[in-house]
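Trainee: predicted model follows, preceded by the sequence.
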Amino acid sequence: MPKEERKPYEDRAKELNSDYEALINRIEESWMEDDEADSAEVGKIDMEAEAQLQWRRWEDSESSYSDYS
């Protein structure tokens, strides 16, 4: 195929490749944003779980004291 006939196909391939790269970049950026949000949520959940654990320990200690009274 002569170069003149290939030109439209090459141009279209370059355009598609550029669009594909832009899409990949958007996906990677959204994953980074999601990871940051997930990290914040995990820390929040960890703090809540720790607070619940402390509360249960306190309740257990209170109930053991009431057994002696």
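Mentor: Noted; the coordinates are in hand.
Trainee: how far away is Glu21 from Glu28?
Mentor: 11 Å (CB to CB, to the nearest Å). All C-beta spots, glycine's among them, are computed from the backbone N, C-alpha and C.
Trainee: which positions within stretch 17-25 qualify as buried?
Mentor: Judged by neighbour count (16 or more other CB atoms under 10 Å), stretch 17-25 contains no buried residues.
Trainee: may I have that stretch exported as PDB, CA atoms only?
Mentor: Extracted C-alpha coordinates of stretch 17-25, given in PDB (Å, rounded to 0.1, in the frame of the first residue of the first chain):
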ATOM      1  CA  ASN A  17      -3.700   5.800  20.700                       C
ATOM      2  CA  SER A  18      -3.900   9.400  22.100                       C
ATOM      3  CA  ASP A  19      -7.500   8.800  23.300                       C
ATOM      4  CA  TYR A  20      -6.500   5.500  24.800                       C
ATOM      5  CA  GLU A  21      -3.600   7.100  26.700                       C
ATOM      6  CA  ALA A  22      -5.800   9.900  28.000                       C
ATOM      7  CA  LEU A  23      -8.300   7.300  29.200                       C
ATOM      8  CA  ILE A  24      -5.600   5.300  31.000                       C
ATOM      9  CA  ASN A  25      -4.400   8.500  32.700                       C
END
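Trainee: quick one: mean pLDDT for that stretch?
Mentor: Stretch 17-25 shows an average pLDDT of 90 in the prediction.
Trainee: also stretch 1-14?
Mentor: pLDDT averaged over stretch 1-14 gives 91.
Trainee: can you list contacts of it?
Mentor: Applying CB atoms under 8 Å, 6 or more residues apart in numbering, stretch 1-14 has no contact partners.
Trainee: please renumber the chain so that the first residue is 13 from this point on.
Mentor: With 13 as the first residue, the last one maps to stretch 13-26.
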